[in-house]
Structures are given as C-alpha cells and as structure tokens.
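>>> structure of the sequence below:
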Amino acid sequence: MCEKMDSNDFVSLGLPAPILDALRMAEYATPSPIQARTIPLLLAGKDVIAQAQTGTGKTAAFAIPFLSGLDLSLRPPQVKVLVLTPTRELAMQVAESFSKYGCQLRGLRVLPIYGGQDYGVQIQALKRGVHVVVGTPGRVMDHMRRGTLSLAHLSGVVLDEADEMLRMGFIDDVEWVLSQSPAQRQIALFSATMPAEIRRIASQYLRAPEQVIIENRATAAATIAQKAWVVAGMSKAEALSRMLETADSDGVIVFVKTRSGAIELADALLERGHSVAALNGDMNQKQREHTIERLKRGQIKVLVATDVAARGLDVDRLSHVINFDAPFDAETYVHRIGRTGRAGREGESILFVTHRERRLLQTIARTTRQPIALIHPPTVAEINRLRIARFQAQIGAAMASPEFSFFKELVASYRVENNCDEDDVAAAIAVMLQGERPLRMKKDRPENTEALFASSPGVAPDLRAAAPSVRYVIEVGREHGVSAGNIVGAIANETGLSGAAIGRIEIYPAHSTVDLPEGMPDNVLQHLQKVWVCERQLCIRRWEKQDAVHLQGAAGPPQAFSKKAAHFSPKRAKATHKRNKAPHKAPHKASQKASHKASKRTAAPQPRNVA
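Numbers count the residues shown, from 1 in each chain. Model prediction:
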C-alpha cells in the first residue's frame, strides 16, 4: 500500500520509466516505509529479510525491484522470479499486483499457480512461457516434479508471509523448493514474525542478508466497534439489507470490489426499500459531488462505493462502514473503517468474510489490536418486531398532526355511510399507506449455519460449533490411498470448519463416511461435491440406511479414526490436503504412479489409525 501524495519520491529510487509510469497510473507517489528501505537493497542485488505486518505495502516492496530487473527480450519467456505464498487467495492477489506494477512492461507474463485449479490451464501457460510465477508451495512442487516448471533461469525468489507458511505446515516444501533453485538466485524473505525455524532457513539459504524491520502502526480508533459476519446460509445482499434495516445509523458507506458490483448492489438495495446510491468511478466530478452532498444532507442513507471511488471521501455523519467485499489487506481495512468514529463519536464497522477469508480476521485483529465480534444477521422475527414498532410509532405521530381532526371526521362519515366498523376502516387505510411492500417478512428457513464455525484466534469467541452431527458418504476410500488427514484437511480447508467440528471418520475400500455438524449450508455441500482428494472428487452425499448394507458388505472392515486418540492436527491436515489435492483432469496412469511414489517420499506424517 503506497501513500498517495503530490511528490516524486519513487523517482529518487532510480526505477525504470515503465515502472514509474505504472505507479503514476495507480496514483502511487510516495513509498511506504518498507518500500523506501527495501527497494534500494533489492535493486542492488542483496538478499533481504523484511519483518513487517500484512498491509504495510510489502507486495510492492518486492514486486517493483524484481520487475525492474526483468529481461523481457528472451523468447520464449523464462521463469525469472518465483514467489511462494501460503494461500491461493494471496497468490492471486500478489500476481495481480505484479501485473499492475508491470502493466507498462511490454510482453510481461505473470502466472498464479495453486491447488484447486485445473493443471491443464497452468501447464499450457507454462509451456507458452512466463516471467513471474506466484504459487503455493504444494502446487509449485507438483509442477517441478512433473517437469512443467523449470527454475534453471531463476534470478529471484520471494518467500511471502514465511511465518504463515510455517504455521500451515509448508516449511518443508519451501526448503525443498529452495534447495532445487540455482545457487546464485536472490532471495527476499518477508514475515510478520521471526520464529526460530524461519531464522534457521534464512541463515541456511540467504547470503549475507540485509535486515529491515518495520513497526506496525496501523490501528483502528477505539471509538469504532468492529464486527464480522462469516457468510453462510444467506445471500450477502439479504444479510446486508437486514443489517441496514435494524441499524441505528446516520449514514452508511458500503465497500465493494468493482464498479459493476457497486451498481448491482445499489439496485438490489433499492428494490428492498433502502435509500441508497452508488458512487461510481465513471461519474464526472459534478455528479460525484452531488451524490456526496445528498449523503451529507441525509437525502440518501447508504452509499455503495469501491476504494477508488471513495478516495478522499470525508463525511462526518457516517456512523457505519460495511465491508461487503473483504479488502485485500489489513491496512486497507483500517483506512476504510477510519471514515467513521471520528471526533470522539462512536462508529461501527461490519466485515463480511467467506470461510476462506477467515484468516483475514486474525490479521486484522492483530493489526488493529482490537477484538472483532462475530455476529448473526437479524432474524425475520427481529425484523418484523422492528417494523411493527415503527408502524405503531407512525400512528402516534399522525395522531399529533394538525390534520388529524379533519381526517377523523372524514373516516367517521365514511363509516356511517357504509356501515363499517372503525377498526376495519383503520386497517384499510393502513393497507393503502403500506403499498406493495409487505409490512412483515416471510418466515425464514431454519438457520443453524453460524454455529458451524468456531471463532478464529483474536476474534471474540461468541460463536462455537455446537450443532449435532449428520453422517455423510464420500466417494474415496482405502483403495485410493486416502487417510483421515486427507479427508479432514480437505473439508477444513475448503469450508472453514474447525477440526473440532468434524466428527468420526470411517474408511472403507471404495468409500468413507464422515460426521459433520447438522445444518451444513447447501452451497457449502455443493462446493464439497467437486473437491478433489487423492485424485478423486468427494461427491459428498447424506448417509442413508441402505448405505449401511452396502458399506458393511464391502471387503474388509472399516478403519475408524478418532481425532483425539490420533493426536489430530488441523494444521497438518490442511497442509496434507493441499499437497494431495488432485487436478480436475486426471493425469495419465503412468504419471499418476510416479506422482504417487513421489508424494509418498515427501508427504507429511499422517494421523495414527485407531481401530
């Protein structure tokens, strides 16, 4: 994250003109502290150890200097820079940043590679040639073993969020990749903390590294109450509508990722009866000023905007900031929510996160040094109680109107002429005033989904997995080489469920059963259908009585696993799942056997079997 100011500090770093042009287009003018200290060292060819929190601008700190030294004249392009990241989301984000900072470099090719994406797409891109590869350790190893990724011409390696890769069990994979890379490559290691294992790797693989330590100063005002909703069982637009309806707010800004997303969400909220406008990046200055003025005057209550469109927005009356789409990093989050809670006034921020983005909660909690409370969207009963209370309040206000006496006489005259009951006439008038929008919402379907997901570290523990379990059958078993660690790793990594929420696992020759909390959302189960484990899709379905006969009749007794007895480690299981995740398109049988033997040599220890 670079500061946007009217200065030319990036020019003084000696960057090539195409990089400066790209930074100018992104309105980056002044380097952040980590960029100012790291870029000159990497440009000079030195190895670097940088200790800095997520959100301090570290991606630009390594992307800009490595892009500056790229030779794009070679045909076909060769992999010159490799970036290892702990998650697929971060891999995509970093690849996008490389493309943005290198948008003026003609012919630049950047490729993110990660588990869960078809191998064929990645292999074709690698065959055509790329300059920068950004990937997760497991998928990078797979391509290196297949011979589809060569590091022979590599000049730079970046270990992004090294402590996170250590925490997730990838550190052995990282060491293997480093051991296969050329001896003269340049290495930049970025980490928020420096545990002993990271220091050991730095001393073993980096050459006389320069160390850069940046103190994390990003924090949120104490007057801002931070909350989060883990998206489950309800559309985000519906959840947002309910929150807006129940919030005691003056003005609300809702952040989304794209301009089209801002317009679509604003239209959806308008249909639900909210006073809302979209702040679009395509608006001219006069339209923009008019929209902001309407918000300041209270003519609209909700403003939907992207980060770019909201740049420079300063409205004192904002009481709520809602991150409808999660930001890429913690610093952006702090900047967003800083638009409320000003001048000592109280404000509230709400963050929508998917199961895969839950890790962001931990980063934000560390960065802001404040707890984030997990919340539920208001229920139908709560919405209806509020609507009825507001309706009754409107009746009281109407009775105090100067026109009340006139309308009272008019209603009395109508009642006499038509021989109607007073209550009937009053109810008919209420229906007229309400219009097409019903006063009461329809009843919800039962929602247990919030109880499925345990709190992340640093997040207020008010939601715990406590639902009864339901048994499911999956289409992978002992003959496919599956283990309990594979199964738990797949489910935990793809859904965000904690290890404690996943129950008993029984492995049969061709199938397995797993107990999951009751109330699993349909969209989560549909996603699990397509998840690959040991070169098989899970094809998960609910267990039925006839399955008992079918499974028990299979050759050999099932292997039962207890996480407690096996000293189960969710971190190890997630790491195992990422290593063993198969492509959507199964490879040739010969390569399957070779890959299976190779994975056996490097696979992490599996949980102990308990009969």
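>>> can we go C-alpha only for contacts and neighbour counts from here?
OK.
>>> what's the distance between L90 and L84?
10 Å (Cα to Cα, to the nearest Å).
>>> out of those two, which sits in the more crowded spot?
Comparing L90 with L84 by other Cα atoms under 10 Å, the one with more neighbours is L84, at 26 against 20.
>>> so that one makes contact with V158?
Yes. Applying Cα atoms under 8 Å as the test, L84 and V158 come out as touching, 6.2 Å apart.
>>> flag the shaky bits of the stretch 201-350 of the chain, pLDDT-wise.
For the stretch 201-350 of the chain, residues meeting the criterion pLDDT under 70 lie at 216-221, 233, 281, 285, 308-309, 311-312, 314, 342-344.
>>> my read is G273 is in a strand, agree?
No. Read with DSSP: H, G, I helix; E, B strand; the rest coil, G273 is coil and lies in no strand.
>>> give me the number of residues near it?
Neighbour tally, G273, other Cα under 10 Å: 11.
>>> quick check: it vs V353, distance?
Look at G273 and V353: by Cα to Cα, they are 25 Å apart.
>>> on the three-state scheme, V134 is what?
V134 ends up strand, using three-state DSSP.
>>> and it, what does it touch?
L82, V83, L84, T85, A91, M92, V94, A95, V110, L111, P112, I113 (Cα atoms under 8 Å, 6 or more residues apart in numbering).
>>> what of V133?
Contacts of V133 were listed using Cα under 8 Å, 6+ apart, and they are V79, V81, L82, V83, A95, V110, L111, P112, I113.
>>> domains in this protein, by residue range?
11-213, 224-379, 389-434, 466-602 (automatic domain parsing).
>>> pretty sure A492 sits in a strand.
No. If the criterion is three-state DSSP, then A492 is helix and not within a strand.
>>> how about the secondary structure of E264?
Counting by three-state DSSP, the backbone at E264 sits in helix.
>>> on that earlier part again, reformat the contacts of V134 as a markdown table; add pLDDT, secondary structure and distance to G14.
As requested, those are arranged in a markdown table below (pLDDT from 0 to 100; DSSP: H, G, I helix; E, B strand; the rest coil; distance: Cα to Cα, whole Å):
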| residue | pLDDT | secondary structure | distance to G14 |
| --- | --- | --- | --- |
| L82 | 97 | strand | 23 |
| V83 | 97 | strand | 23 |
| L84 | 96 | strand | 27 |
| T85 | 92 | coil | 28 |
| A91 | 88 | helix | 28 |
| M92 | 86 | helix | 28 |
| V94 | 91 | helix | 23 |
| A95 | 93 | helix | 23 |
| V110 | 96 | strand | 23 |
| L111 | 96 | strand | 27 |
| P112 | 94 | strand | 28 |
| I113 | 94 | strand | 31 |
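>>> quick one: the helices in the stretch 201-350 of the chain?
Secondary structure of the stretch 201-350 of the chain, counting by DSSP state H, counting those that start in this stretch: helices at 236-246, 259-271, 285-297, 330-337.
>>> in the second one, what's buried?
Going by neighbour count (16 or more other Cα atoms under 10 Å), the buried part of helix 259-271 is R259, G261, A262, I263, L265, A266, A268, L269.
>>> could I get those residues as JSON lines with distance to R440?
Written out in JSON lines, the entries for those read as follows (distance: Cα to Cα, whole Å):
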{"residue": "R259", "distance to R440": "33"}
{"residue": "G261", "distance to R440": "28"}
{"residue": "A262", "distance to R440": "28"}
{"residue": "I263", "distance to R440": "27"}
{"residue": "L265", "distance to R440": "23"}
{"residue": "A266", "distance to R440": "22"}
{"residue": "A268", "distance to R440": "19"}
{"residue": "L269", "distance to R440": "17"}
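>>> which ones are touching P377?
Neighbouring residues of P377 by Cα under 8 Å, 6+ apart: W229, A239, L240, R242, M243.
>>> which one of those residues is nearest to W543?
W229 (30.2 Å; Cα to Cα).
>>> partner residues bridging the closest one?
Taking DSSP bridges, one finds F352 as the beta-bridge partners of W229.
>>> can you give me the buried ones in stretch 16-31?
If you call a residue buried by 16+ other Cα under 10 Å, then stretch 16-31 has these buried ones: P18, I19, L20, D21, A22, L23, Y28, A29, T30, P31.
>>> give me the nearest residue to the fifth one, chain neighbours excluded.
The reference is to A22. Y101 (5.5 Å; Cα to Cα, 6 or more residues apart in numbering).
>>> where does R471 fall, secondary structure wise?
Assessed by DSSP states H and E, R471 sits inside strand 469-474.
>>> what pairs with that strand, and is each one parallel or antiparallel?
Looking at strand 469-474 with DSSP bridges, what it pairs with is strand 512-517 (antiparallel), strand 541-542 (antiparallel).
>>> select, out of those strands, the one closest to N418.
Nearest of those (Cα to Cα): strand 512-517, 59.3 Å.
>>> and the closest one, how far out from the chain's middle?
For strand 512-517, the gap between its own C-alpha mean and the chain's C-alpha mean amounts to 26 Å (Cα atoms, centre = their mean, to the nearest Å).
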